[in-house]
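1. Can you look at this prediction? I've put the sequence above it.
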Amino acid sequence: MNIGVVVFPGSNCDHDCRYVFRDVLGQDVTMVWHKETSVAGLDAVILPGGFSYGDYLRTGAIARFSPVMQAVKQFAAEGGLVLGICNGFQILLEAGLLPGAMLRNKSLHFICREAYVKVENAATPFTNACKPGQVLKIPIAHADGNYYTDPVTLSGLQANAQVVFRYCTAEGKVTHEACPNGSLDNIAGIRNAAGNVLGMMPHPERCAEAMLGNEDGRLILTSMVEGLKKIKRVEVVV
Amino acid sequence: MKAKIHVTLKQGILDPQGKAIEHALDSLGFKDTANVRVGKYVELDLQETDKAKAEVKVKAMCEKLLANTIIEEYRYDLQS
């Protein structure tokens, strides 16, 4: 598979994403500079974490006007897999590829620690290597991860199983206390209605190999790669 | 023409920065302070001299970029 990792000025998890997809999972990786106007030839697009454009105005607010984002929108509209991690999630929200917005963490702190998330939907191209309800331990590192949307949109997300990850305790209980940032309904990750765009605040690329003591994040990235292989095989047969 | 634009979180949306400032003001002895809201202020010059046309432009800027209308509201003053 050829995985594209978009690089904005201020991205700082782009090389981690490249490392995991290329060196851990053995895939081809193409770094895509934000000035590019095409993502042709890529099998999936990753919007990595970081502080694109210094988080000026709002997180992700300026990045969404990057030339590459037009191409990413087109790619998503055609069903291409797009994963936004942390700042990438914030950019997807600002770009309107996912509904809602991010507020400052309730505590006002930048939170950098491991968090537990429950896989609420294991039937997505990003989670099908997980078991339904599985608890994953994945690091978070953000100041603006307090997900907000209006009540109507929230009910829609819940009804369509678009809430993919929710913050929980180590035992998998979704409680108020288990939510690190004040996120509505403990939301840690959502997908779009079509199911091919996922945004998540936790960083799966930071916990994808045994040497680091935690491989939970690998399940998400492996889901993507294996799912893409199946699609490719179908295309070859057709 | 100069546009002076204020962007704040909508009423009803938690403003943790506002809350923190409110607590700090309380510690300072300003006990009668309530509903502190923090916002952004943007000032810009427009070539446009027609106020109605300028207003259309500023409104579009706010809707498309300066404010995220899911969580924020905006108001502006135009001065020639």
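-> Happy to help now that I have it.

2. Quick one: residues contacting A:M69.
-> With CB atoms under 8 Å, 6 or more residues apart in numbering or on different chains as the criterion, the residues that contact A:M69 are A:H34, A:A63, A:I91, A:A95. Glycine gets a C-beta too; all of them are placed from N, C-alpha and C.

3. Report the buried members of those residues.
-> Restricting those to buried positions leaves A:H34, A:A63, A:I91, A:A95, with burial counted as 16 or more other CB atoms under 10 Å in any protein chain shown.

4. what secondary structure does the residue lying closest to B:E63 once chain neighbours are set aside sit in?
-> Here the nearest residue to B:E63 in space, its sequence neighbours aside, is B:T69; by CB to CB, 6 or more residues apart in numbering or on different chains that works out to 6.4 Å. Secondary structure state of B:T69, per DSSP: H, G, I helix; E, B strand; the rest coil, is coil.

5. Test my guess that B:T69 contacts B:I13.
-> No: using CB atoms under 8 Å, B:T69 is not in contact with B:I13, being 11.7 Å away.

6. Which elements pack onto the longest helix seen in chain A?
-> Under DSSP state H, the helix in chain A containing the largest number of residues is helix A:216-237. Helices and strands touching helix A:216-237, as assessed by 3 or more CB pairs under 8 Å, 6 or more residues apart in numbering or on different chains; DSSP states H and E, comprise strand A:81-85, strand A:135-142.

7. quick one, the first one and strand A:135-142 angle?
-> Read that as strand A:81-85. With axes from the mean of the first three to the mean of the last three CA atoms, to 10 degrees applied, the angle from strand A:81-85 to strand A:135-142 works out at 60 degrees.

8. Now do the buried residues in the lowest-mean-pLDDT helix or strand in chain A.
-> For chain A, using mean pLDDT, DSSP states H and E, the weakest element among its helices and strands is helix A:216-237, scoring a mean of 87. Of the residues in helix A:216-237, A:D216, A:G217, A:R218, A:L219, A:I220, A:L221, A:T222, A:S223, A:M224, A:V225, A:G227, A:L228 count as buried by neighbour count, 16+ other CB under 10 Å.

9. which non-adjacent residue is nearest the residue in chain A that chain B sits nearest to?
-> For chain A, the residue positioned closest to chain B under CB to the nearest CB is A:A101, at a distance of 4.2 Å. In space, and not counting its chain neighbours, A:A101 is closest to B:I70: 4.2 Å by CB to CB, 6+ apart.
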